[in-house]
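Visitor: Structure, please.
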Amino acid sequence: MSLPDLNDPALAARLRHLIDHKTKPLGALGRIESLALQIGLVLGTESPLLSQPQLVVFAGDHGLAARGVSAYPSDVTWQMVENFLAGGAAVSVLARQHGLALTVVDCGVRHDFAPRPGLLVRKVAPGTADALEGPAMTPAQCRQAIEAGRGVVAGLPGNALLLGEMGIGNTSAAALLLARLTGSDLADCVGSGTGLDEAGLARKREVLRQVLERHPLASEPLDALAAFGGFEVAAMVGAVLEAAARRRLVVVDGFIATAAVLVARALEPRVTQRCVFSHRSGECGHGLMLRHLGPDERTPARALLDLDLRLGEGSGAALAWPLLVSACALLREMATFESAGVARSG
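Guide: Predicted structure coming up:
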């Protein structure tokens, strides 16, 4: 079943009336006003309140990482999962600071984790296959990962999902999805990821060029997703679709999380009505990806922040979170000219 259209003219008019009659000049709160309007439309209310926000980090390993497309070895994936769970990662700090419930999902890490609070094991396999040798995932694995993401979101409370990810090599998967699903030149899609030098970046571009040539028929969204990976990206696709179906706000992190939204929108075009893009990443392909996710061909999706972030983990989503909370509070609590007895201009 397709997602319902959230474009409710009557509710939008009431929200715009409320925003315009607050004690401020028209438009003086800039993009916070459009953010408040969007959140009100997503949650279907003139008094939006974001409750029990869930920051979910989906993790998985990539077979293509063995080709030297990352500056770090694959073991960093499981080591960073341990760091998330121990509370020492950037996203762990930010989640504590902003009161975000943090869940880490093992979608396909090449490591076995001891059970503990905050960890969900939904392992499809210990890492994807090497996409230069064949599809990163079988169709069945791809479906399993998507359903795992759906199930994670279905089992969590709240009305806001913040997307995060971890997986050495996953900027390669995101770049491949961007190139194939939008027809963009691969050179415009590939960046340095975790910090490749010029030689490393050249090697990465060449490997990804070969991968694209290896899968010429993988043009449909799920075919491309299976061909290029990864398990954590597929799980995020499912998470976005499930959150959208449950009318939850989706706060999208950077390049890899946005790649999952790119796939999800190809399957359900209205998912982006529910999405707030937290920041524009320092990864070169992210701006291009946002241009393809806008409401029309001439209007790109606009991110809230532009801080040259390229960490992933959901860190950008967590940093942007206070802006969403403030937008809702202003809509609910800020006085109108009438209630405050303040004269209007003119």
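
Visitor: all contacts plus neighbour counts: C-alpha atoms, from now on.
Guide: OK.

Visitor: The chain - how does it break down into domains?
Guide: Per the record's domain assignment (automatic domain parsing), the chain is made up of the domains 9-49+329-340, 54-323.

Visitor: what about residue 262, which SS state?
Guide: When states are read from DSSP: H, G, I helix; E, B strand; the rest coil, the local structure at residue 262 comes out as helix.

Visitor: so how many other residues sit close to the closest residue to it other than its chain neighbours?
Guide: Here the nearest residue to residue 262 in space, its sequence neighbours aside, is residue 293; by CA to CA, 6 or more residues apart in numbering that works out to 6.9 Å. Using other CA atoms under 10 Å, residue 293 has 22 other residues around it.

Visitor: wait, residue 293 sits on residue 303?
Guide: No - distance between residue 293 and residue 303: 11.0 Å, which falls outside the contact criterion (CA atoms under 8 Å).

Visitor: returning to that earlier point: contacts only, for the residue nearest to residue 262.
Guide: Residue 293 makes contact with 262, 272, 300, 301, according to CA atoms under 8 Å, 6 or more residues apart in numbering.

Visitor: same deal with residue 107?
Guide: Residues in contact with residue 107, defined by CA under 8 Å, 6+ apart, are 58-60, 121-125, 145, 148, 231-232, 235.

Visitor: buried stuff in whichever strand or helix holds residue 243?
Guide: Per DSSP states H and E, residue 243 falls inside helix 231-245. Along helix 231-245, these residues count as buried under the neighbour rule (16 or more other CA atoms under 10 Å): 231-245.

Visitor: do the same with stretch 317-333
Guide: Going by 16+ other CA under 10 Å, stretch 317-333 has these buried residues: 317-321, 323-325, 327-332.

Visitor: How about stretch 35-46?
Guide: Residues 35, 36, 37, 38, 39, 40, 41, 42, 43, 46 are the ones in stretch 35-46 that count as buried (16+ other CA under 10 Å).

Visitor: now the strands for the stretch 101-250 of the chain?
Guide: For the stretch 101-250 of the chain, applying DSSP state E, counting those that start in this stretch gives strands covering 101-108, 119-121, 160-166, 249-252.

Visitor: Out of the ones you listed, which is closest to residue 310?
Guide: The minimum distance between residue 310 and those falls on strand 160-166, with 11.9 Å, by CA to CA.

Visitor: and the angle from that closest one to helix 231-245?
Guide: Between the axis of strand 160-166 and that of helix 231-245 there is an angle of 170 degrees, by axes from the mean of the first three to the mean of the last three CA atoms, to 10 degrees.

Visitor: Tell me which residues are up against strand 160-166.
Guide: The list of residues contacting strand 160-166 from outside it, by CA under 8 Å, 6+ apart, reads 50-60, 77, 80-81, 232-233, 236, 243, 248-253, 256-257, 312-315, 317-318.

Visitor: among those, which ones are buried?
Guide: When burial is judged by neighbour count using 16+ other CA under 10 Å, the buried members of the contacts of strand 160-166 are 50, 53-60, 77, 80-81, 232-233, 236, 243, 248-253, 256-257, 312-315, 317-318.

Visitor: can you give me the angle the helix holding residue 243 makes with strand 101-108?
Guide: Helix 231-245 runs at 130 degrees relative to strand 101-108, counting by the same axes, to 10 degrees.

Visitor: Now find how far off-centre helix 231-245 is within its chain.
Guide: Once both centres are worked out by CA atoms, centre = their mean, to the nearest Å, helix 231-245 turns out to sit 9 Å from its chain's centre.

Visitor: Show me what it is packed against.
Guide: Contacts of helix 231-245 with other secondary structure elements, assessed using 3 or more CA pairs under 8 Å, 6 or more residues apart in numbering; DSSP states H and E, are made with strand 54-60, strand 101-108, helix 139-154, strand 160-166, strand 249-252, helix 255-267.

Visitor: what helices or strands is the shortest one leaning on?
Guide: Meaning strand 249-252. Secondary-structure packing of strand 249-252 (3+ CA pairs under 8 Å, 6+ apart): helix 31-43, strand 160-166, helix 231-245, strand 275-277.

Visitor: CA atoms of the helix holding residue 243 as CSV?
Guide: Extracted in CSV, the C-alpha atoms of helix 231-245 (Å, rounded to 0.1, in the frame of the first residue of the first chain):
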residue,chain,number,x,y,z
PHE,A,231,23.1,-4.8,4.9
GLU,A,232,23.0,-1.7,7.0
VAL,A,233,21.9,0.4,4.0
ALA,A,234,19.1,-2.1,3.2
ALA,A,235,18.0,-2.1,6.9
MET,A,236,17.9,1.7,6.8
VAL,A,237,15.7,1.5,3.7
GLY,A,238,13.3,-0.7,5.7
ALA,A,239,13.5,1.6,8.7
VAL,A,240,12.6,4.7,6.6
LEU,A,241,9.7,2.9,5.0
GLU,A,242,8.3,1.7,8.3
ALA,A,243,8.8,5.0,10.1
ALA,A,244,7.1,6.7,7.2
ALA,A,245,4.2,4.3,7.3
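
Visitor: so where's the stretch 101-250 of the chain uncertain?
Guide: For the stretch 101-250 of the chain, no stretch has pLDDT under 70.

Visitor: Tell me which residues touch residue 93, please.
Guide: The contact partners of residue 93, taken as CA under 8 Å, 6+ apart, are residue 87.

Visitor: Thanks a lot, catch you later.
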